[in-house]
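*Asks:* turn this into a structure:
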Amino acid sequence: MEALQALTINILALLVTLGILVTIHEFGHYWVARRCGVKIECFSIGFGKSLFSWWRGDTEYRIAVLPLGGYVKMFGEREGDISEAEKAYAFNFKSLPQKTAIVAAGPLANLVLAVFLYWIMFMTGVSGIAPVVGNLNAESPAEQIGMQRGAEIVSIDGQTTRTWQQVRVALLNRLGESGTINIVYSPEDSDLIRENNIRIERWLIDQAEPDVLGALGITPWRIDIPAVIGQVVEGSRAEQAGLQPGDEIVAVEQQELNGWLDWVDTVRNNPEQDLQISVLRDGMRLSLGIRPEMSINNNGEQSGYIGAGVSAPEEIPSLPAEMNRSVRYSALAAVPYAFTETWDNAVFIVDSIKKMIVGLISVENLSGPITIAQVAGQTATFGLEYYLSFLAVLSISLGILNLLPIPVLDGGHLLYYLIEAVIRRPVPEKVQAMGMQLGIFLIVSIMFIAFYNDINRLF
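*Replies:* Numbering: from 1, shown residues only. As a prediction, the model looks like this:
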């Protein structure tokens, strides 16, 4: 029942998400075309057979059965017999600047939508948690530069990091690169600032879902609860070790635990390793030995598993005030933040595309509609802030991808117009036809990879 409910939410969230993005994109083309005097024959959200439609003036508006895109059909897009009177509202007979504006308007509309979404987000409030380190893996890059539990990360490569989200974004910018990551941090309960560099070489180039914090050996500070066992799986390593419901794990290898999440990290990081643990049971402290079982995820990464769940406390601790980095801005003050967030994400997406083309980022990072549906459903249930942020990033991605100089996409048409401006005549139809075939091949290939990655993530 829960799986069916989740599937329903994901499908509805996907339809709403694609509906918003496609409508805004196509409306950009439509609005500028109308301003340039072009007659619009059809405005369609979706492809294929029409589910329902209506007419307004000379334009048919329709919702089609396949919601993976849309189109605006303009009069005179194809060569044909057009009378002198009809040339006034035919697309092909508009000036080069007008045709360029019409084609570019779709992607630009997506970028404008992103600015608007971020503007709403910054006005309604953006949550964030201070980038304070919870735990560090032994011999990890972060530990080797002297970072300790409780340290707060001040900046990454010169970018100020007030929240963990900003830390992740700054580190994601270095995927596939070689050199050093500059980290500035402040030790716990200290006004001192320390600066160190971590060397990287083709960083995380083969990971389909890069864990940038895990690669440095850092676990963020989290609200934790006591490591009290709630249930034990029959036949599991936990049962074999003698763990029972109600046991509280207080230490591992004579090192005090900070809570359940600390214990989970310890188990995951020590597959098939013998661990000596201290347990409180009915007021008595016992010593037990346990060896976490090894499990391997889709990336081929190994982690430990013991088959025991947590006992949820009656009251969950609240976030300390000093860890809360949530902000809210007035309508006017939110404007520059909205533009900055849009620009930063656009630069990151362009940089990621370049890295993927040259092989510095795995193509396994490409996602299709299945992954988009899952993330859309998750963010929709998390709350407005998370969904708006996801929608904005997706809108930026759609805008930028459509600007790529690939025939079939808006960017391909803009490339033809640029060539036309240089050579003073339209690109020959044979060349455009060949480009169209190449473009279709590239798009189908990309879609195949994205679908393959989606299916691969499910299993």
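*Asks:* return the helix or strand in the protein with minimum mean pLDDT.
*Replies:* helix 369-382 (a mean of 80; mean pLDDT, DSSP states H and E).
*Asks:* and that one, what does it pack against?
*Replies:* helix 2-35, helix 384-402, helix 429-458 (3 or more CB pairs under 8 Å, 6 or more residues apart in numbering; DSSP states H and E). Heads up, the C-betas are built off the backbone N, CA and C, glycines and all.
*Asks:* check those helices for me and report the most buried one.
*Replies:* Across the helices and strands packed on helix 369-382, averaging neighbours per residue (mean count of other CB atoms under 10 Å) puts helix 384-402 on top, at a mean of 21.
*Asks:* sorry, back to before: how about the CA coordinates for the least confident helix or strand of the chain, as PDB?
*Replies:* Output of helix 369-382 as PDB, limited to C-alpha atoms (Å, rounded to 0.1, in the frame of the first residue of the first chain):
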ATOM      1  CA  PRO A 369      12.000  10.900 -16.000                       C
ATOM      2  CA  ILE A 370      12.000   8.000 -13.500                       C
ATOM      3  CA  THR A 371      14.600   9.700 -11.300                       C
ATOM      4  CA  ILE A 372      13.000  13.100 -11.800                       C
ATOM      5  CA  ALA A 373       9.700  11.600 -10.700                       C
ATOM      6  CA  GLN A 374      11.200  10.100  -7.600                       C
ATOM      7  CA  VAL A 375      13.000  13.400  -6.600                       C
ATOM      8  CA  ALA A 376       9.900  15.400  -7.400                       C
ATOM      9  CA  GLY A 377       7.800  13.200  -5.200                       C
ATOM     10  CA  GLN A 378      10.300  13.300  -2.300                       C
ATOM     11  CA  THR A 379      10.800  17.100  -2.400                       C
ATOM     12  CA  ALA A 380       7.000  17.700  -2.700                       C
ATOM     13  CA  THR A 381       6.600  15.700   0.600                       C
ATOM     14  CA  PHE A 382       9.500  17.500   2.300                       C
END
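*Asks:* now do it: everything it contacts.
*Replies:* 6, 9-14, 16-18, 68, 386-387, 389-390, 394, 451, 453-455, 457-458 (CB atoms under 8 Å, 6 or more residues apart in numbering).
*Asks:* any idea how far that helix is from the chain center?
*Replies:* In terms of CA atoms, centre = their mean, to the nearest Å, the centre of helix 369-382 is found 11 Å from the chain centre.
*Asks:* which residues does residue 225 contact?
*Replies:* Contacts of residue 225 (CB under 8 Å, 6+ apart): 259, 260, 261, 310, 312, 313, 316, 317.
*Asks:* those helices in this structure, which residues are they?
*Replies:* 2-35, 96-124, 141-144, 164-172, 212-216, 237-241, 260-268, 334-357, 369-382, 384-402, 410-423, 429-458 (DSSP state H).
*Asks:* other SSEs contacting the last one?
*Replies:* With contacts defined as 3+ CB pairs under 8 Å, 6+ apart, helix 429-458 has these neighbours: helix 369-382, helix 410-423.
*Asks:* highest average neighbour count across those?
*Replies:* helix 369-382 (a mean of 18).
*Asks:* pLDDT weak spots in the protein?
*Replies:* 1-3, 79-80, 297-300, 459 (pLDDT under 70).
*Asks:* please parse it into its domains.
*Replies:* Following automatic domain parsing, one finds the domains of the chain at 1-34+94-126+329-459, 37-90, 133-220, 229-317.
*Asks:* pull the most distant pair out of the contacts of residue 225.
*Replies:* Largest separation among the contacts of residue 225 by CB to CB: 310 and 317, giving 14.1 Å.
*Asks:* the more surrounded of the two?
*Replies:* Set residue 310 next to residue 317 and count neighbours by other CB atoms under 10 Å: residue 310 wins out with 17 against 10.
*Asks:* in contact with that one, which residues?
*Replies:* Here residue 310 is in contact with 225, 227, 228, 229, 230, 260 (criterion: CB under 8 Å, 6+ apart).
*Asks:* buried among those? Make that a ChimeraX selection.
*Replies:* This is how ChimeraX selects the buried members of those, with burial counted by 16 or more other CB atoms under 10 Å:
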select :225,227,228,229,260
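*Asks:* the contacts of residue 310 in strands, which ones?
*Replies:* 229, 230 (DSSP state E).
*Asks:* kindly reformat the contacts of residue 310 as a markdown table containing distance to residue 294.
*Replies:* Putting these into a markdown table (distance: CB to CB, whole Å) gives the following:
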| residue | distance to residue 294 |
| --- | --- |
| 225 | 26 |
| 227 | 21 |
| 228 | 25 |
| 229 | 21 |
| 230 | 23 |
| 260 | 21 |
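*Asks:* circling back: wait, which of the helices and strands packed on helix 369-382 is closest to residue 415?
*Replies:* helix 429-458 (8.5 Å).
*Asks:* can you give me the neighbour number for residue 192?
*Replies:* For residue 192, the neighbour count with other CB under 10 Å is 7.
*Asks:* my guess is it contacts residue 185, does it?
*Replies:* No - if you go by CB atoms under 8 Å, residue 192 and residue 185 don't touch, sitting 9.6 Å apart.
*Asks:* before we move on, the earlier item: quick one: which of the helices of the chain is nearest residue 203?
*Replies:* Nearest to residue 203, of the helices of the chain and by CB to CB, is helix 212-216 at 7.3 Å.
*Asks:* what is that closest one packed up against?
*Replies:* The contact analysis (3+ CB pairs under 8 Å, 6+ apart) places helix 212-216 against helix 141-144, helix 164-172.
*Asks:* nearest to residue 250, out of the ones you listed?
*Replies:* Closest among these, using CB to CB: helix 141-144, at 23.1 Å.
*Asks:* next one: the closest one to chain centre, how far?
*Replies:* The answer for helix 141-144 is 27 Å, by CA atoms, centre = their mean.
*Asks:* ok, now stretch 426-434?
*Replies:* The answer for stretch 426-434 is 37 Å, by CA atoms, centre = their mean.
*Asks:* other residues contacting that stretch?
*Replies:* For stretch 426-434, contacts defined as CB under 8 Å, 6+ apart pick out 79, 407, 416, 419, 420.
*Asks:* try stretch 265-282
*Replies:* Residues outside stretch 265-282 that contact it (CB under 8 Å, 6+ apart): 135, 137, 219, 243-244, 246-254, 257, 285-295, 302-306.
*Asks:* now do the end-to-end distance for it.
*Replies:* Taking CA to CA, to the nearest Å, the first and last residues of stretch 265-282 lie 25 Å apart.
*Asks:* same question, stretch 30-50
*Replies:* The stretch stretch 30-50 measures 19 Å between its terminal residues, going by CA to CA.
*Asks:* out of the helices and strands packed on helix 369-382, flag the one nearest residue 114.
*Replies:* helix 384-402 (4.3 Å).
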